[in-house]
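J.: one predicted model, sequence on top.
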Amino acid sequence: MSDLPEYNFAYLDEQTKRMIRRAILKAIAIPGYQTPFASREMPMPYGWGTGGVQVTAAILGTDDVLKVIDQGSDDTTNAVSIRKFFARTAGVRTTTRTPEATIIQTRHRIPETALGEHQVIVYQVPIPEPLRFLEPRETETRRMHALEDYGVMHVKLYEDIAQHGHIATAYAYPVKVDERYVMDPSPTPKFDNPKMNQCPALQLFGAGREKRIYAIPPYTRVVSLDFEDHPFERTRISGACSLCNSTKAFLDEVITDDQGGRAFMCSDTDYCEQARSRIGPLS
Amino acid sequence: MNHVPLLSARGLSKRYGARIGCEEIDLDLHEGEVLAIVGESGSGKSTLLGLMSTQLESTTGSLAYRRRDGLSVELDKLSEMERRILLRTEWGFIQQDARLGLRMNVSAGGNVGERLMAVGWRHYGQIRSEAQDWLARVEISADRMDDAPTTFSGGMRQRLQIARNMVTKPRLVFMDEPTGGLDVSVQARLLDLIRSLVALTGLSIVIVTHDLAVARLLSHRIAVMRQGRIVEIGLADQVLEDPQDPYTQLLVSSVLQV
Ligand SMILES: Nc1ncnc2c1ncn2[C@@H]1O[C@H](COP(=O)(O)OP(=O)(O)O)[C@@H](O)[C@H]1O
Ligand SMILES: [Mg+2]
Ligand SMILES: [Zn+2]
C-alpha cells in the first residue's frame, strides 16, 4: 500500500464511485436484496475487506469522520491499514470513538455503543449468500430469493438442534429483513443481531470477491430466524470484562501469559476504554 | 370420488431440437389411480413424466390439473411461485437416483422436515415428531433419524425419498424408475410400501418403469410407449394378458420368456 501513484479522492475514480453509489441506492430501496456491482481491484487482498472498502470509498465525503474496526478492535493490522488508506487517499479525519464517527467500517462486530441517525456502518462481507451452504447453484439461490422459497434456512437450524440440542450457529446467524429477504449479516456474532433491528443508522454490506452490495435502511425490522420452541438467543461468554468490569458487552477470551492464564475482555476496545475512563482503573 | 380427471394432457409434445421426446400425448389420470408408463429405453417415458410434472416445458399441447380446492388450472399458465407451491403442497417426485431427490448431507429427519418448514412449520418438536412418524411408516428406525442418507443403503434412500415427499400429504406423486438398480428383495419391500400408501391415502401415482412386473404389481392402468407415442393404454390386466398392439404383444411376450 505504500507508493500510491496519482489517485482520485478516496482512491476510486468518480465514474466507479457513481456506479457503486447506484448499486447502494438500489440496495437501500430493496432492503436485504443482494445487488450486483462491478467490484474493482483494490490495492489490498480480497480477505481484507475490499467490498467494504469500495462502499466506504463511494460514500465518503470530506467532512466525514471514519472509524475502522476488526473484531471490535481499532488496533489490528487490518483496521489500521484501512484507516491509514483513507486518511491518505481522502485526507479525512479518523477516530476510534464510536459516537464521533460518521462512517464505521467493520469486520465481525457491531459497536456496543448504540449507533445514531448521523452514522453509516459498512460491513465487510466474505460470503453474502445465506443459502449457499445448502444450494451451491447461483441461478437457483437467486430464484429462491425471488420466490421467498426459504425452507432450507430452517433446515440448517433444524440440523443444529438435532445435532447439538440447541441452535449452535453463533456467527453469520441468518436474519429476515423487512419481512422479505433472508440475509447473511456477515460473520458478526449473533450477539450483535438485535442491534441491526430498527437501527437508526444506515447499514451497508459490501462483498468484494462476490461482487454484491446489500443494505438495511434506518429503522428497518430485522428478525433472527428461529423456531417457536427454540427461540433466538443472544449469547455471550457469561462473566465480566477483566478491564472494565462490564457484564453486558461481548467478551473475547484472551491468553494473558505463557502459563496458560486467561482473561475475558471486551472485544469492543473503544467501549472498554470509555468504560474504564468513567470508572477509573480497576486494581 | 370426483370424475373430473386429476391431471389431463392434450396433444402434449416435446422436441429436443429436431429429435422427438414425445409426441401428441392425450392422457387422463383419475384420483386414486396408479398409472404406469412402460416402454423400452428411449421411448419417451421420462420425457412424458417430466412434462406431466412440469419439470420440462412442452413444445406444444396443454396440461390441466384439478387442485385440492377443486379449481382446475392450466399448468403452463401458473406463475413460477404458484407452480412451486403446488409442487411442495400437492405433488411429490421420487427420482431413480436418490441423490437427486435427497439432500445427501442433511440428516434423514431434516430431509423429511424440509417440506414442513417450507410450508411454514416453525415448531421444532412438532416437525421432529412428524418426521419421525413418517420415517417409522417407511420403516426407518428412530435411531437413524439424525444420520445422513450417505450412510443409508439404496433401499433405505428410496424409502427416505418417499417419506420426504409424503410428509405434506401430496395427492399426486411422480416416480421415475424408483426400483431401478435395487436388489429383487429390496424392490419387493419398496413396492409393498408404495402399495400400502396408495391403499391408505388414496394417493395418485404416475410411475415410469421399464419393468412390466413392477407395472403389474402397482398399477391400475398401463400406458405403453414407443418412439415418443402411446401405442396402447388400458387396464393393467388387459394390457398384460391381452395386448392389442403388435408392439405391446412383442414387449409382453419377450418379458414372459425371460
Ligand atoms: N435432454 C435431452 N436432449 C436431447 N434429447 C433427449 C433429451 N432427453 C431425452 N432425449 C431423447 O428423447 C427421446 C426420449 O428419451 P427419454 O424420455 O429419456 O426416454 P426413456 O425415459 O423412455 O428412456 C430419446 O430419443 C432421447 O435420446
Ligand atoms: Mg428414462
Ligand atoms: Zn471492557
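T.: Yep, that arrived. Ligands and ions are numbered 1, 2, ... in the order given.

J.: and chain A, which of its residues are near ligand 3?
T.: By Cβ under 5 Å from the ion, the part of chain A that sits against ligand 3 consists of A:241, A:243-244, A:246, A:266, A:272. From N, CA and C alone the C-beta is placed, and that goes for glycine too.

J.: those residues in strands, which ones?
T.: With strands defined by DSSP state E, the entries of the residues of chain A next to ligand 3 inside them are residue A:266.

J.: could I get the residues of chain A next to ligand 3 as JSON lines with pLDDT?
T.: Below are those laid out as JSON lines (pLDDT from 0 to 100):
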{"residue": "A:241", "pLDDT": "96"}
{"residue": "A:243", "pLDDT": "94"}
{"residue": "A:244", "pLDDT": "95"}
{"residue": "A:246", "pLDDT": "95"}
{"residue": "A:266", "pLDDT": "97"}
{"residue": "A:272", "pLDDT": "97"}
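
J.: any idea how far chain B is from residue A:216?
T.: Per Cβ to the nearest Cβ, to the nearest Å, residue A:216 is found 23 Å from chain B.

J.: show me the beta-bridge partners of that residue.
T.: residue A:203 (DSSP bridges).

J.: contacting residues around residue B:232?
T.: For residue B:232, the contact set (Cβ atoms under 8 Å, 6 or more residues apart in numbering or on different chains) comprises B:223-224, B:239, B:243-245, B:247-248.

J.: what about the strands in the stretch 1-150 of chain A?
T.: Ranges of strands within the stretch 1-150 of chain A are A:35-36, A:65-70, A:93-94, A:103-107, A:120-124, based on DSSP state E, counting those that start in this stretch.

J.: er, the stretch 1-150 of chain B I mean
T.: Under DSSP E, counting those that start in this stretch, the stretch 1-150 of chain B gives strands at B:7-16, B:19-29, B:34-38, B:60-66, B:72-74, B:91-94.

J.: how many neighbours does the residue in the stretch 51-200 of chain B positioned nearest to chain A have?
T.: Nearest residue of the stretch 51-200 of chain B to chain A: residue B:118, at 2.9 Å (Cβ to the nearest Cβ). The tally of other residues near residue B:118 (other Cβ atoms under 10 Å in any protein chain shown) stands at 21.

J.: what sits closest to it if chain neighbours are left out?
T.: Spatial nearest neighbour of residue B:118, chain neighbours left out: residue A:151 (2.9 Å); criterion: Cβ to Cβ, 6 or more residues apart in numbering or on different chains.

J.: distance check, the one you found against residue B:115.
T.: 7 Å (Cβ to Cβ, to the nearest Å).

J.: now for these two: what residues contact both?
T.: residue B:88.

J.: so where's the chain uncertain?
T.: Picking chain A for this. A:1-5, A:280-283 (pLDDT under 70).

J.: switch to chain B, please.
T.: B:1-2, B:256-258.

J.: residues from it in reach of ligand 1?
T.: Chain B comes close to ligand 1 at residues B:16, B:19, B:21, B:39, B:41-47, as judged by Cβ under 6 Å from any ligand atom.

J.: please report the distance of residue A:112 from residue A:222.
T.: The value you get for residue A:112 to residue A:222, if Cβ to Cβ is used, is 18 Å.

J.: oh sorry, the question was meant for residue A:158
T.: With Cβ to Cβ as the criterion, residue A:158 and residue A:222 are 22 Å apart.

J.: is the residue nearest the centre of chain B bridged to anything, and to what?
T.: Per Cα atoms, centre = their mean, the C-alpha nearest to the average position across chain B is that of residue B:174, at 1.8 Å. Beta bridges link residue B:174 to residue B:93, residue B:206, judged by DSSP bridges.

J.: for the strands of the stretch 1-150 of chain A, give me TSV that also has distance to residue A:58.
T.: Output for the strands of the stretch 1-150 of chain A, formatted as TSV (distance: least, Cβ to Cβ, whole Å):
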stretch	distance to residue A:58
strand A:35-36	13
strand A:65-70	13
strand A:93-94	18
strand A:103-107	11
strand A:120-124	10
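
J.: I'd like those strands as CSV, with distance to chain B and mean neighbour count appended.
T.: Listed next are the strands of the stretch 1-150 of chain A as CSV, based on distance: least, Cβ to the nearest Cβ, whole Å; neighbours: other Cβ atoms under 10 Å in any protein chain shown:
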stretch, distance to chain B, mean neighbour count
strand A:35-36, 21, 16
strand A:65-70, 32, 24
strand A:93-94, 45, 18
strand A:103-107, 29, 25
strand A:120-124, 28, 27
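
J.: more neighbours: residue A:151 and residue B:115, which one.
T.: Remark: of residue A:151 and residue B:115, residue B:115 carries more neighbours, 23 against 19, as counted by other Cβ under 10 Å.

J.: just to check, that one is in contact with residue A:152?
T.: No. Judged on Cβ atoms under 8 Å, residue B:115 makes no contact with residue A:152 at a distance of 10.9 Å.

J.: returning to what we had before: dump the contacts of residue B:232 to a markdown table, plus secondary structure, neighbour count and distance to residue B:111.
T.: Below are the contacts of residue B:232 laid out as a markdown table (DSSP: H, G, I helix; E, B strand; the rest coil; neighbours: other Cβ atoms under 10 Å in any protein chain shown; distance: Cβ to Cβ, whole Å):
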| residue | secondary structure | neighbour count | distance to residue B:111 |
| --- | --- | --- | --- |
| B:223 | strand | 23 | 31 |
| B:224 | strand | 27 | 34 |
| B:239 | helix | 26 | 36 |
| B:243 | coil | 20 | 40 |
| B:244 | coil | 12 | 43 |
| B:245 | coil | 17 | 41 |
| B:247 | helix | 17 | 40 |
| B:248 | helix | 23 | 38 |
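
J.: chain A: which of these is nearest?
T.: For those, the minimum distance to chain A (Cβ to the nearest Cβ) is 32.1 Å, reached by residue B:223.

J.: which element is the closest residue to the closest one other than its chain neighbours on?
T.: Residue nearest to residue B:223 in three dimensions, not counting chain neighbours: residue B:233, with 4.4 Å by Cβ to Cβ, 6+ apart. Assigned by DSSP states H and E, residue B:233 belongs to strand B:229-235.

J.: over to residue A:276?
T.: Counting by DSSP H and E, residue A:276 is part of helix A:269-279.

J.: which parts of that helix are buried?
T.: A:269-276 (16 or more other Cβ atoms under 10 Å in any protein chain shown).

J.: so which of the residues you listed comes closest to ligand 3?
T.: In terms of Cβ to the ion, no member of the buried residues of helix A:269-279 lies closer to ligand 3 than residue A:272, at 3.2 Å.

J.: so what's the closest one up against?
T.: With contacts defined as Cβ under 8 Å, 6+ apart, the neighbours of residue A:272 are A:241, A:243-244, A:246, A:249, A:265-266.

J.: again with residue A:12
T.: A:20, A:40, A:54, A:57-58.

J.: now swap in residue B:158 and tell me
T.: Counting by Cβ under 8 Å, 6+ apart, residue B:158 makes contact with B:94, B:98, B:178-179, B:182, B:190.

J.: in helices only, show me these.
T.: Counted as lying in helices by DSSP state H, out of these, are B:98, B:190.

J.: ok, stretch B:161-171 near chain A or not?
T.: No. Using Cβ under 8 Å from any Cβ of the partner chain, stretch B:161-171 stays clear of chain A, coming no nearer than 10.9 Å.
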